[in-house]
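Visitor: Need coordinates for the following:
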Amino acid sequence: MNHPVFTESPFKTQISFHKLIASLEEIALTDVDYRSNYAKALLKEIEKVPELRTGIESYKTIEDNQQLIKNLLADLFPTALTKNEIKAITVPFQNLTFNYTERFTSILANAGTTFDITIRDYSEDQLYIMSCILILNNYYGQKLDYNKPLFYDIPDANGILKHYRILYNADFMEILPTESSIDLNQETIDLLTDNYDDIGLWKKYFPANSWILKGFGIVSLFDASVESAISHLKTSLLKSDTQKNKNDNEIQTIFRTIFKIPDLKLGFVLFNEEENKFTVPPFSNNSEKNSFILLEKEEEELCKNALFGCTLQSLIEEKKPFIISDVTRFSTNNPKFAAHLSRQNIKSCILAPVIKNDKLLGVIELFSSQPKSLNSINVNNLDLLLPYLVDTLDRYNIDIQNQIEAIIQREYTAIHPSVYWKFRQEALKFFKSQTPNKDYIFKSITFKEVYPLYGQIDIKSSSNHRNETVKEDLKNQISQLITILDHLTQNKKLGLLEQRKYELHSFSNDLITELKADTEQQIQQYIQREIHPILINAKDSFSLPEIIDDYFSLLDEKTGLFYHARKKFDEAMAIINKKMASVLDKEQLEAQHNYPHYFERFKTDGVEHNLYIGQSITPNIPFETLYLNNLRLWQLQTLCKMELEHHRLKPILPYELDVTSLILVFSSPLSIRFRMDEKRFDVDGTYNARYEVVKKRIDKAHIKGTMERITQKEKITIVYSHQSEETEYLKYIAFLQFKKIIEPEIEQFDIEELQGVSGLKALRIKVINTEVTQPHYYTYQELLDELN
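Guide: From the prediction side, this is the model:
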């Protein structure tokens, strides 16, 4: 038990029972014999300990006279209630208690001998200031309201923490000045009320031990986990939006009750961290004002403009309340803002931040037409209310975000983080329009003056490989079917079987030539319609069940055809695509840190990617050409890494496939627009369409005057138009050659004229594939497991 008083206090404490003794002396003079006799006997004992009347300054005196003090306090601590009441003698705001009721004693015993009873969430500085406020109210006649409840948190025998509300009875106490007391005028009192947190200021005007606190207090506790006012607040905040008007009135009434200010009014704004703005809540009632101070007329305002130049550092950065207790006095600091408040008859106000996980969600406005009604002391009452308001606002924010996400997903598509803000901005406008059931025309999402970068790593001759594997599977299946029919004709000479063998041979001969678009489908339909019924009947009619069962076990469940060579090809392509995309995605995460830009990739017979970089995509960060140059170097390095990754994969692929790499350089900025019908970005404008034409045709182009493709396996082709682009990329190549990533040889050539496009040139380089650059090899099973 922590008995001593705090080391510092404005009070010199004298525990005295002089008022109670005076009451006993009056009883001793009455005619009621049993009361009079009891009082006289008790007074006789009290005379032996004069400190009980003059003032006790040593706790030992209390310990030595416990029974006498208990008898003296018998009327205030009736024996009949000792097992019910939680009560003791105390000095307010100090850790000094004694003469406990039996229930209080039992509670402390269950808490354990190591437990120290202290007031929750109050430091010694706060309790010092509370003692000063007690002096201001009792001696100087101020009416400073500090409604924040005091609690003891005491664990029970099971370790469950119980919360007990503290009530003080100070009827038997007196506050007396000493020679060290400082006489205060109203100006000084006003200064103190505006600086609750300045402990140095309070100690200056209320030095330690400069006042006498004489008498004793009675502390009564009751279990108060949920109080009625808070319960009402929680209920109001949980009500639906359809009850909002009534809900707003109830919340305002609760605030008025807690602050004891009859004309107190509330306002509220959201804080948009991305744009550094205050905004009207989307869930607000448009017919009523939601903000009277920060957003008087507008629906949104930049934070720097909201208070007419008055600093909001404490509100936004330090996340502390902004308090004006007297607007008239404040006018000397900021006349414009004071005039703005006075026009609305606001004489005192508090702007309190609503914070969740150290993030500012919004600001509550409290204001009154009475000066000094709101100040740095009663702002602490918000500590009781804000947790519930924070949870409610967080719930609203989550709901808004969910609805915005739903709008984006429905009206757009999966959005890259670099441009998400633009889609969110448009979705928020739709949400604020309050017309979700009416036709709303979504504005096009366009980014102007952005620089494009295009690259691809393509599987070489993928169509030829695909056709060859299809032909191989069909040939194997036809061959096995002919073998089965040969067995059947040995047992029975049926002309129909000979006919089917002939037809299968014809299909097999067709597969020698180039595979036609409908050949696979024709063979599939023929086998299922003409051959499989024969095999099913033959299982019962002929003694060949095993060979027929083996054949059916080799069929793919979906197509009913052999799927062996094609499966190896498909798996090899899937592995390459997955690994190439994985390298690209990993490198992209790092590239975004340098300068945020739009990125998209596509898996086809290889992996393509588009990059767009420019000021319009990242308006908050100034764009410089060096960011474009850096991204171009990054793209070239990344394709080198993808080439190396393929080189590691190649030895253990189930089907050997080579890749070719290509970069298209385009130095003119262009505009991209989100196509609502296709749910994707596309280059905007007729002039810029040239870029898209080149992208679609360039990888099939030939070197001018030859039939050689510009792309080759294990090489990177860089396509460009201007001499400045050639110079730039030769620098990048020289740098990568220096780093032993690219081989010394550089090929340079002109590209044949494409439809509507001429004058293209190219550089072609080869990545060094050495054992040094291949620190890790995969196993085929590892790749399959990762793929699945």
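
Visitor: can you give me the offset of the helix or strand where residue 109 lies from its chain's centre?
Guide: Secondary structure assigned from DSSP states H and E places residue 109 in helix 102-111. Taking C-alpha atoms, centre = their mean, to the nearest Å, one finds the center of helix 102-111 at 45 Å from the center of the full chain.

Visitor: Show me which positions of it end up buried.
Guide: Going by neighbour count (16 or more other C-beta atoms under 10 Å), the buried part of helix 102-111 is 103, 104, 107, 108, 111. Using the backbone N, CA and C atoms, a C-beta is placed for each residue, glycine as well.

Visitor: Quick one: mean pLDDT for that helix?
Guide: The average pLDDT for helix 102-111 rounds to 91.

Visitor: any residues touching it, and which ones?
Guide: 1, 82-88, 100, 115, 117, 154-157, 162, 221 (C-beta atoms under 8 Å, 6 or more residues apart in numbering).

Visitor: Make a PyMOL selection of the buried ones in those.
Guide: Provided next is the PyMOL selection string for whichever of the contacts of helix 102-111 are buried by 16+ other C-beta under 10 Å:
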select buried, resi 85+86+87+88+100+117+154+162+221
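
Visitor: Quick check: what element follows the helix holding residue 109 along the chain?
Guide: Helix 102-111 is succeeded, C-terminally, by helix 124-138 (DSSP H and E).

Visitor: Kindly state the beta-bridge partners for the residue nearest to residue 665 when sequence neighbours are not counted.
Guide: Leaving aside its sequence neighbours, residue 665 sits nearest to residue 720 (C-beta to C-beta, 6 or more residues apart in numbering; 4.1 Å). Counting by DSSP bridges, residue 720 is bridged to residue 761.

Visitor: for the stretch 301-450 of the chain, what spans make up the strands?
Guide: 322-324, 348-356, 359-368, 446-459 (DSSP state E, counting those that start in this stretch).

Visitor: Could you identify the helix or strand that succeeds the last one?
Guide: Going back to what we said before, that points to strand 446-459. helix 462-491.

Visitor: Which positions in that next one come out as buried?
Guide: Buried, per 16+ other C-beta under 10 Å, within helix 462-491: 462, 465-467, 469-475, 477-478, 481, 484-485, 488.

Visitor: swap in stretch 668-675?
Guide: 669, 670, 671, 672, 674.

Visitor: could you say what helices and strands the helix or strand containing the last one packs with?
Guide: Element membership of residue 674 [criterion: DSSP H and E] is strand 670-675. Of the remaining helices and strands, those touching strand 670-675 by 3 or more C-beta pairs under 8 Å, 6 or more residues apart in numbering; DSSP states H and E are strand 446-459, strand 680-684.

Visitor: of these, which approaches residue 635 most closely?
Guide: Between residue 635 and the helices and strands packed on strand 670-675, the tightest spacing by C-beta to C-beta is seen for strand 446-459, at 5.6 Å.

Visitor: Send me the closest one as CSV with only the CA atoms.
Guide: Extracted C-alpha coordinates of strand 446-459, given in CSV (Å, rounded to 0.1, in the frame of the first residue of the first chain):
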residue,chain,number,x,y,z
THR,A,446,-6.8,10.5,-69.1
PHE,A,447,-3.1,11.2,-68.4
LYS,A,448,-1.4,13.6,-70.7
GLU,A,449,2.3,14.2,-71.6
VAL,A,450,3.5,10.7,-70.4
TYR,A,451,6.5,8.9,-71.9
PRO,A,452,5.8,5.2,-73.0
LEU,A,453,8.2,2.3,-72.6
TYR,A,454,7.4,-1.1,-74.2
GLY,A,455,9.2,-4.3,-73.8
GLN,A,456,8.6,-8.0,-74.4
ILE,A,457,10.3,-11.4,-74.0
ASP,A,458,8.6,-13.7,-76.5
ILE,A,459,8.8,-17.4,-77.0
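
Visitor: what about the residue nearest to residue 665, neighbour count?
Guide: Using other C-beta atoms under 10 Å, residue 720 has 21 neighbouring residues.

Visitor: quick one: it and residue 760 touch, right?
Guide: Yes - under the criterion of C-beta atoms under 8 Å, residue 720 is in contact with residue 760, at a separation of 7.4 Å.

Visitor: Flag the shaky bits of the stretch 551-700 of the chain, pLDDT-wise.
Guide: Counting by pLDDT under 70, the stretch 551-700 of the chain contains low-confidence ranges at 676-679, 685-688.

Visitor: now residue 505, nearest residue through space, not along the chain?
Guide: That would be residue 482: by C-beta to C-beta, 6+ apart, it lies 7.0 Å from residue 505.

Visitor: how about the strands in the stretch 651-788 of the chain?
Guide: 659-665, 670-675, 680-684, 715-720, 747-750, 761-766.

Visitor: go on, the stretch 51-200 of the chain?
Guide: 86-90, 97-98, 151-155, 161-169, 173-177.

Visitor: that older thread, partners of the strand holding residue 674, with directions?
Guide: Partners of strand 670-675, by DSSP bridges, with direction: strand 446-459 (antiparallel), strand 680-684 (antiparallel).
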